[in-house]
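Trainee: Kindly return the folded structure for what I paste below:
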Amino acid sequence: MTDIMGAMNPTAPLTTEDAALAAAKVSAIGMVIGAINQAVGGWYASTPAASEAAARVIGDLTGQTPDPAQLAQQAQMGLYLTGAFVVLQLILAAVQWRKPNGVLPVLFLVLVVWALGGAILALVAPAFGGGQPMWLTVFTLVTMLVAAILHVAGIRGANALKKFREAEAY
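Mentor: The predicted model follows:
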């Protein structure tokens, strides 16, 4: 456990193959945190409060009253899609844990930066947040910042691990 805790530091020196392996695995923890964030966001989007907020935003932006049945149908479809993405993230986290590589941490770091940008945009222009509550925006900011740090550590670990393994090949 202490290896993983130390590996979460993106500035820690990676002097051994074991340290590099632990740092590369840390990205999997970031993926799980991202899945939790997405699950919470998907859960909120399926609540009546979210439907009411979406109706207000649509009304403010378009001047039209949305059909409540259509909003409910879209919320249900969004919940199914969120569930599928959460399962996919957890599968990819398991892959990263078992066979660490550099591709998944880079991909997820890009997605995390995207989510951070969306959360910051929701703070600046609330209409872009879809009327989501402040606690959800703050939760997204905190979880995505932690995930970003873990993915950076994972990228460093995967690169160091690759160097160690290439050096062993000679």
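
Trainee: Once you drop chain neighbours, what's closest to Leu150?
Mentor: Among residues not flanking Leu150 along the chain, Gly30 sits closest, at 3.3 Å (C-beta to C-beta, 6 or more residues apart in numbering). Heads up, the C-betas are built off the backbone N, CA and C, glycines and all.

Trainee: Run through the residues that contact the one you found.
Mentor: Shown in contact with Gly30 (C-beta atoms under 8 Å, 6 or more residues apart in numbering): Pro105, Phe108, Val112, Val146, Ala147, Ala148, Ile149, Leu150, His151, Gly154.

Trainee: Let's see that with 10 Å instead.
Mentor: Contacts for Gly30 (C-beta atoms under 10 Å, 6 or more residues apart in numbering) come out as 8, 93, 96, 104-105, 108-109, 112, 143-144, 146-154.

Trainee: how about the spatially most central residue of the chain, what does it touch?
Mentor: Compute the mean C-alpha point of the chain, and by C-alpha atoms, centre = their mean the closest residue is Gly34, 2.9 Å away. Counting by C-beta under 10 Å, 6+ apart, Gly34 touches 85-86, 89-90, 92-93, 108, 111-112, 115, 143-144, 146-148, 150-151.

Trainee: ditto for Val138
Mentor: Going by C-beta under 10 Å, 6+ apart, Val138 touches Ala119, Leu123.

Trainee: Now name the helix or strand holding it.
Mentor: Assigned by DSSP states H and E, Val138 belongs to helix 134-169.

Trainee: Many thanks, we can stop here.
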